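>>> Sequence first, predicted model second:
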Amino acid sequence: MLAILGLLTSVFSLLYVTAPSIRKFFAGGVCRTTVQVPGKVVVITGANTGIGKETARELARRGARVYIACRDVLKGESAASEIRADTKNSQVLVRKLDLSDTRSIRAFAEGFLAEEKQLHILINNAGVMMFSHSKTTDGFEINLGVNHLGHFLLTYLLLERLKESAPARVVNLSSVTHHLGKIHFHNFRGEEPYRWGFAYCHSKLANLLFTRELAKRIQGTGVTTYAVHPGIVRSELARHSFLCCLCWRLFSYFLKSVQEGAQTSLHCALAEGLEPLSGKYFSDCKRTWVSPRARDNKTAQRLWNVSCELLGIQWE
Ligand SMILES: NC(=O)c1ccc[n+]([C@@H]2O[C@H](COP(=O)([O-])OP(=O)(O)OC[C@H]3O[C@@H](n4cnc5c(N)ncnc54)[C@H](OP(=O)(O)O)[C@@H]3O)[C@@H](O)[C@H]2O)c1
């Protein structure tokens, strides 16, 4: 009994002593560039909370005009007023964008293009992690519909403005969970529920394949694109799953804060000299390894074509 007590005491003492180092390890990379972006125009989807909000805050602090594109304008206004007060930048604007509805995406793009003559940074940040079997307004499986198809359409609609404003960047939030993903071309409309709720992982693989193919197609235009894994972050992403919420709570000490989670998005949006790495995947502010499926050019091309078909667009 005494031996067990001794062992437990040693384990807990060790954990207590090493916890700050472990926490520091999980905090990950820091965006070190000091670049300021006064007058640059930025759109960030889902920036009313989480990683997107912190990304918006830092870009506003550096002088950008930041558009918070979100589905709940009241939540967006509350985030924007907090950021305006914090950064003393009045150019933080909120516009409605629901990525689960292509009409809303088109309305957002139309309004934005009428209002702004430039766009330098588009951050496709919004994301949903749903385990239940649900669909978007247009009948797409919800994870794929919002995380991939919604951002695919948004980028298509804004790309000319990005080209006109070059040098410009598109940053796509993916995830390390893409390693568990696979593109199920027959199931984009979610006819069959995905086993074990892997739909989120499939959508995050789609984000990577989109980044890869987009980089090829925009080569030489002055627009570049990057995919990001932000780390495992204490945000609201797990809100739709009791089990995930529980795990997030249990391990919350070791998860990144939302400020830490924003660092790689900021790095890809701001760091100088990143252009030769267009199409690549970053984590902790460094280029990192993608799964073999995310390097498959044929799947990337097919995903591009099928996405165009589903959205009724022609994007060469
Ligand atoms: N947190 C992590 O550990 C982690 C890890 C890897 C990758 N990521 C990725 O990082 C990105 C940001 O996630 P987060 O952790 O900051 O999560 P979050 O706190 O849940 O924020 C997600 C944002 O996306 C918005 N959103 C969801 N559905 C939308 C829709 N249909 N239309 C428009 N906006 C919508 C949410 O709006 P509402 O507030 O209105 O719901 C919210 O603003 C996501 O792409 C996620 O996949 C996160």
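Arrived safely.
>>> could you pull out the strands for the stretch 1-150 of the chain?
Per DSSP state E, counting those that start in this stretch, the stretch 1-150 of the chain carries strands over the ranges 41-45, 65-70, 92-96, 121-124.
>>> Kindly report the same for the stretch 201-316 of the chain.
Remark: strands assigned in the stretch 201-316 of the chain by DSSP E, counting those that start in this stretch are 223-229, 281-283, 286-287.
>>> next one: the second one to chain centre, how far?
A distance of 11 Å separates the centroid of the chain from that of strand 281-283, by Cα atoms, centre = their mean, to the nearest Å.
>>> Run through who's touching it.
Contact with strand 281-283 is made by 28-29, 174, 176, 208, 211, 226-231, 264, 267-268, 287-290, 294, as judged by Cβ atoms under 8 Å, 6 or more residues apart in numbering. To be clear about C-beta, it is placed using only N, CA and C from the backbone, and glycine gets the same treatment.
>>> hmm, try it at 7 Å
Strand 281-283 has contacts (Cβ atoms under 7 Å, 6 or more residues apart in numbering) with 174, 208, 226-229, 264, 267-268, 287-288, 290.
>>> Make a markdown table from those and add neighbour count to it.
Shown next, in a markdown table, are those (neighbours: other Cβ atoms under 10 Å):
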| residue | neighbour count |
| --- | --- |
| 174 | 30 |
| 208 | 27 |
| 226 | 25 |
| 227 | 31 |
| 228 | 32 |
| 229 | 23 |
| 264 | 30 |
| 267 | 22 |
| 268 | 27 |
| 287 | 12 |
| 288 | 15 |
| 290 | 21 |
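>>> Tell me the one among these nearest to the ligand.
Comparing the contacts of strand 281-283 against the ligand with Cβ to the nearest ligand atom places residue 229 closest, at 5.7 Å.
>>> Quick check: that closest one touching residue 175?
Yes - counting by Cβ atoms under 7 Å, residue 229 does reach residue 175; the two are 5.5 Å apart.
>>> which residues of the stretch 101-250 of the chain score low on pLDDT?
Low-confidence regions of the stretch 101-250 of the chain, defined by pLDDT under 70, span residues 196.
>>> That one: helices as residue ranges?
Remark: helices assigned in the stretch 101-250 of the chain by DSSP state H, counting those that start in this stretch are 102-115, 142-143, 151-164, 199-217, 242-250.
>>> buried ones in the first one?
The one in question is helix 102-115. Using 16 or more other Cβ atoms under 10 Å as the test for burial, helix 102-115 gives 102, 104-105, 108-109, 112.
>>> quick one: residue 65 from the ligand, how far?
Distance, residue 65 to the ligand, by Cβ to the nearest ligand atom, to the nearest Å: 19 Å.
>>> who does that residue bridge with?
With DSSP bridges as the criterion, residue 65 is bridged to residue 41.
>>> Who are the contact partners of it?
The contact partners of residue 65, by Cβ under 7 Å, 6+ apart, come to 41-42, 91.
>>> most neighbours, which of these?
residue 42 (26 neighbours; other Cβ atoms under 10 Å).
>>> Look at the closest residue to residue 109 other than its chain neighbours and say how many residues are nearby.
Sequence neighbours aside, residue 157 is the residue nearest to residue 109 in space, at 3.6 Å (criterion: Cβ to Cβ, 6 or more residues apart in numbering). When neighbours are defined as other Cβ under 10 Å, residue 157 has 17 of them.
>>> what's the answer for residue 73, then?
Residues within reach of residue 73, counting by other Cβ under 10 Å, total 15.
>>> Hmm, residue 119 and residue 169 touching each other?
No - assessed by Cβ under 7 Å, residue 169 is found out of contact with residue 119, at 10.1 Å.
>>> Residue 62 touches residue 34, doesn't it?
No - counting by Cβ under 7 Å, residue 34 is not a contact partner of residue 62; they are 8.9 Å apart.
>>> and the two? which has more neighbours close in?
Taking other Cβ under 10 Å, residue 62 and residue 34 do not tie; residue 62 has more neighbours (21 against 8).
>>> which residues does that one contact?
Contact analysis of residue 62 by Cβ under 7 Å, 6+ apart lists 36-37.
>>> Apply 10 Å and report the result again.
Residue 62 is in contact with 33-38, 40, 42, 87, 89, 266, 269-270, counting by Cβ atoms under 10 Å, 6 or more residues apart in numbering.
>>> Kind regards, and thank you for your time.
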